[in-house]
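Peer 1: quick one, structure for this:
(chains A and B)
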Amino acid sequence: MATGAQPSSDIKQKIESANAEAVKRINAAEPVLVDIAPAREVIPGLGNRMILHSGPPVDWQNMCGAQRGGMIGAVLFENWAGSVDEASRLLENGTIQFEPTHHHQSVGPMAGTISPSMPVWVVENRTFGNRAFCRQVEGRQQFGDYSDSALEGLRQWRDIWAPSLRKGLLQMGGLELKPIIAKALTMGDELHNRPVAASSLFANALACPMIEAGVGRDDLLSTLNYITKHELLFLGLSMASGKASVDPAAGIEYSTVVVAMARNGTEFGIRVSGLGEEWFTASSPRVNGLYFPGYTEKDAGADMGDSAITETAGWGGLVLAGATGILGLVGGTPEEALAYSKEMRQITVTTSSNYRMPVFGFKGAPLGIDIRKVVQTGITPIIDTAIAHRNPGYSIIGAGLVRAPLECFKKALLRFGRKYGIAEPIKGSISPPFGKGR
Amino acid sequence: MSDKLKDLLQNGPVAINIGIFDFAETLKSQGAEVVHLNWNPPAGGDPELIELLDQLL
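Peer 2: Predicted coordinates for the structure are as follows:
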């Protein structure tokens, strides 16, 4: 045993205690929508000329096509450049900074771009007082489409929809999201690619308060039209809720619970509670999915977006069995969805005490992905997600299922061993049948 | 001759297949009775990770 190594029984006990604390904190979360505000007013550390992006850190040279497109769209939206070429130059030469959303208490769908004037959902975890932020979910600019018509959706969000919703929200004094999430999970949602019920429940909750708050007729009709027809509206809220719920579980010494899974289209990264803010990365995998007419897998970029925060919180692919309606979009059969959700119980610490699955007799959703169990079993989290084009300039092209790469979890486990003084294994000391090459 | 041996000779074996699913399918296609056990070596058989997991899990 290496000098300073701890007895195995001691460290196992410490891990169990730390993981119990991590899932206790996630279970105790009380996400509440408290504001819908321009990013510059609420996101800590967001610079005047900064754009946040999804996934682990990445530079311009290594950024995938769709994320580049999203960045270009954000630059044009902010009027920092008058053309695509100029926007690309500003991003390439460092005039405009970009940093990961997760480094700013935030998450963003697909390319994940958040720029200063974009209104974001502000979700506060009332149990711990921390806040998390997520941008609007839409089907164009966040996939890399920087056309003027794509940017018009952002402008309407900034100028009409978000301010109208904000008035209604402030009129009602905030909106508790936990009841909506819990109810939606029993209504066929998984809160990642299928937040249909949650979106409707949200629209119901905000309609009257917007009227009571005196939102003008034209803005009111426009906003009601937006929120009652946008089936993915709640994804931005489930992502912010997931981030706000999981963040308090970060930074617990000895915990092997995953507190972030995020992809930038080039790399897939995870963060682990007991391993600080380090990212453990592998190449972003290809998504196995279905494509919209005119597109095939040859057009597809690799897995991208922060939306896997929903799986990190125990929703999304982890509860696919309860959301079979989504299979028409992402592919697969109900039997496979059931098998996925059963499988996810093998790699999690516990089940949710709040979010229950009718399909499993109202047992809780799998909660607290444990890197030890992932590496031991080889079972990696299943994520249902959208698909972006491999080149800039396109809207959504499909949706499907993807597995988190095992490599991220192996790297994290090895770092865990080093950080906590576990004896360095002696190469080749394992007896058959487990030795390599046997 | 024991009853078990008689049974084996008269009715043929029941195979237990551990691990690779295709092997079970191959036997089934030949008419054999097969029970498949879904199993993978821990940590994909990586000795360094197995030793680490022994101490952590």
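Peer 1: could you use CA atoms for every contact and neighbour count after this?
Peer 2: Will do.
Peer 1: and the residue nearest the centre of the chain?
Peer 2: Went with chain A since none was named. Nearest to the mean C-alpha position of chain A, counting by Cα atoms, centre = their mean, stands A:Ser307 at 2.5 Å.
Peer 1: that answer is for a different chain, and I need it for chain B
Peer 2: With distances taken as Cα atoms, centre = their mean, B:Ile18 lies nearest the centre of chain B, 2.2 Å away.
Peer 1: now for it: which residues touch it?
Peer 2: Residues near B:Ile18 by Cα atoms under 8 Å, 6 or more residues apart in numbering or on different chains: B:His36, B:Leu37, B:Asn38, B:Trp39.
Peer 1: can the longest strand belonging to chain A be said to contact chain B?
Peer 2: Secondary structure of chain A per DSSP state E: the longest strand is strand A:348-357. No - shown here: strand A:348-357 not in contact with chain B (Cα under 8 Å from any Cα of the partner chain), separated by at least 11.9 Å.
Peer 1: does anything pack onto the next helix or strand after that strand? Which helices or strands?
Peer 2: Next helix or strand after strand A:348-357 toward the C-terminus (DSSP states H and E): strand A:363-369. In terms of contacts (3 or more Cα pairs under 8 Å, 6 or more residues apart in numbering or on different chains; DSSP states H and E), strand A:363-369 is packed against helix A:8-28, helix A:309-312, strand A:348-357.
Peer 1: before we move on, what SS does whichever residue of the stretch 51-200 of chain A sits closest to chain B have?
Peer 2: With Cα to the nearest Cα, the shortest gap between the stretch 51-200 of chain A and chain B falls at A:Pro56, namely 24.6 Å. Here A:Pro56 is recorded as coil under DSSP: H, G, I helix; E, B strand; the rest coil.
Peer 1: just give me the neighbour total for it.
Peer 2: Neighbours of A:Pro56 under the rule other Cα atoms under 10 Å in any protein chain shown: 28.
Peer 1: and if you look at A:Pro285?
Peer 2: Residues near A:Pro285, counting by other Cα under 10 Å: 19.
Peer 1: who touches it in this structure?
Peer 2: Shown in contact with A:Pro285 (Cα under 8 Å, 6+ apart): A:Phe268, A:Ala302, A:Asp303, A:Val402, A:Arg403, A:Ala404, A:Pro405.
Peer 1: what is the nearest of the residues you listed to chain B?
Peer 2: A:Pro405 (13.5 Å).
Peer 1: from the stretch 151-300 of chain A, which residue is nearest to chain B?
Peer 2: For the stretch 151-300 of chain A, Cα to the nearest Cα, closest residue to chain B: A:Thr256, 9.7 Å.
Peer 1: apart from its chain neighbours, what residue comes closest to the closest residue to chain B within the stretch 301-438 of chain A?
Peer 2: Among the residues of the stretch 301-438 of chain A, A:Gln376 lies closest to chain B, at 4.4 Å counting by Cα to the nearest Cα. In space, and not counting its chain neighbours, A:Gln376 is closest to B:Ala43: 4.4 Å by Cα to Cα, 6 or more residues apart in numbering or on different chains.
Peer 1: let me see the contact set for that neighbour.
Peer 2: Per Cα under 8 Å, 6+ apart, neighbours of B:Ala43: A:Val375, A:Gln376, A:Thr377, A:Gly378, B:Leu49, B:Ile50.
Peer 1: tabulate those in CSV, adding columns for distance to A:Ala313 and secondary structure.
Peer 2: Output for the contacts of B:Ala43, formatted as CSV (distance: Cα to Cα, whole Å; DSSP: H, G, I helix; E, B strand; the rest coil):
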residue, distance to A:Ala313, secondary structure
A:Val375, 19, helix
A:Gln376, 21, helix
A:Thr377, 21, helix
A:Gly378, 20, coil
B:Leu49, 26, helix
B:Ile50, 28, helix
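Peer 1: please consider this matter closed, and thank you.
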